Each structure stands twice: as C-alpha cells, then as structure tokens.
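Asks: Starting from these lines, generate the structure:
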Amino acid sequence: MTASCIFCKIVDKQIPAKIVHEDEDVMAFHDVNPEAAVHILVVPKMHVQNVVQLAQNEQLLSKVVQIAGQIAKERSGGEFRLLFNTGKSAGQSVFHAHGHVLSNKTSGETDVV
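Replies: Residues are numbered from 1 along each chain as shown. Model (predicted):
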C-alpha cells in the first residue's frame with residue numbers, strides 16, 4: 001500500500017466506495033464520475049503504478065481482465081470496453097493500475113433488430 005494512493009485507501013476501506021467485487025487480489029467499484037451507463041473500476045489490491053507494471057505479474061493481470069469480463073457480463077450483457085490509461089498525458093489521474101469497464105448498454109436493454 002502507498003499511503004497517499006486513493007485506491008490503496010479504498011482497498012483498505014479507509015475511503016468508502018460502492019464495491020461490486022472483492023477477493024484476495026482484486027477489488028472492483030463504481031467510478032465516482034461515471035462516463036458511461038456502466039463505469040466500474042477494477043484494481044489489483046497490490047499497488048502497482050500502471051498496467052505495464054501490472055503486466056509483469058501475468059497472473060494478476062489476467063485476473064483483473066477476468067473480473068472485468070465477469071462484471072461486464074452481469075451488467076451489460078458482456079458488451080464493454082476495458083480501458084487502462086498509462087501516464088498523465090494519457091489521462092491517468094490515479095497512479096495505481098486500474099481498468100475502466102465501460103458500456104452504454106445495461107443488462108436490461110434489448111438489441112433493436
């Protein structure tokens with residue numbers, strides 16, 4: 001844990017969040033400023049700065065992606081974007097690796113044919 005990291009504080013439950021998944025390695029919670037109908041952040045509990053560093057632990061990266069897929073299946077019928085920003089100029093504002101699960105389709109919607 002990094003003392004100044006907001007996501008580490010959420011993982012440690014020092015800051016409240018609307019948690020949708022938690023296990024020993026990964027936590028997922030609603031983004032406080034959603035940019036889509038479904039906007040969930042999936043974070044490794046272990047502090048790593050970005051997805052490139054997360055990729056050094058292939059098992060953990062895989063688990064983050066699997067959890068993202070599971071959440072998207074439940075909340076948007078499996079249709080989603082998984083976005084990782086890496087670096088300030090790319091839009092990363094919290095320097096703790098996190099994937100954004102984004103979808104404008106919610107599980108209750110039907111496709112128009």
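Asks: check contacts around the nearest residue to His39 once chain neighbours are set aside.
Replies: Leaving aside its sequence neighbours, His39 sits nearest to Asp31 (CB to CB, 6 or more residues apart in numbering; 4.4 Å). Just so you know, the C-beta spots here come from the backbone N, C-alpha and C atoms, and that holds for glycine as well. Contacts for Asp31 (CB atoms under 8 Å, 6 or more residues apart in numbering) come out as His39, Ile40, Leu41, His100.
Asks: From Lys63, how far out is the residue nearest to Gly91 when sequence neighbours are not counted?
Replies: Using CB to CB, 6+ apart and skipping the chain neighbours, the partner closest in space to Gly91 is Asn85 (4.2 Å). For Asn85, the distance to Lys63 equals 20 Å [CB to CB, to the nearest Å].
Asks: Describe which strands the longest strand along the chain pairs with in its sheet and in which direction.
Replies: Longest strand of the chain, by residue count under DSSP state E: strand 38-44. Paired with strand 38-44 in the same sheet, following DSSP bridges, are strand 26-30 (antiparallel), strand 99-103 (antiparallel).
Asks: re the thing from before, what separates the residue nearest to His39 from Ala90, distance-wise?
Replies: Taken as CB to CB, the span from Asp31 to Ala90 is 17 Å.
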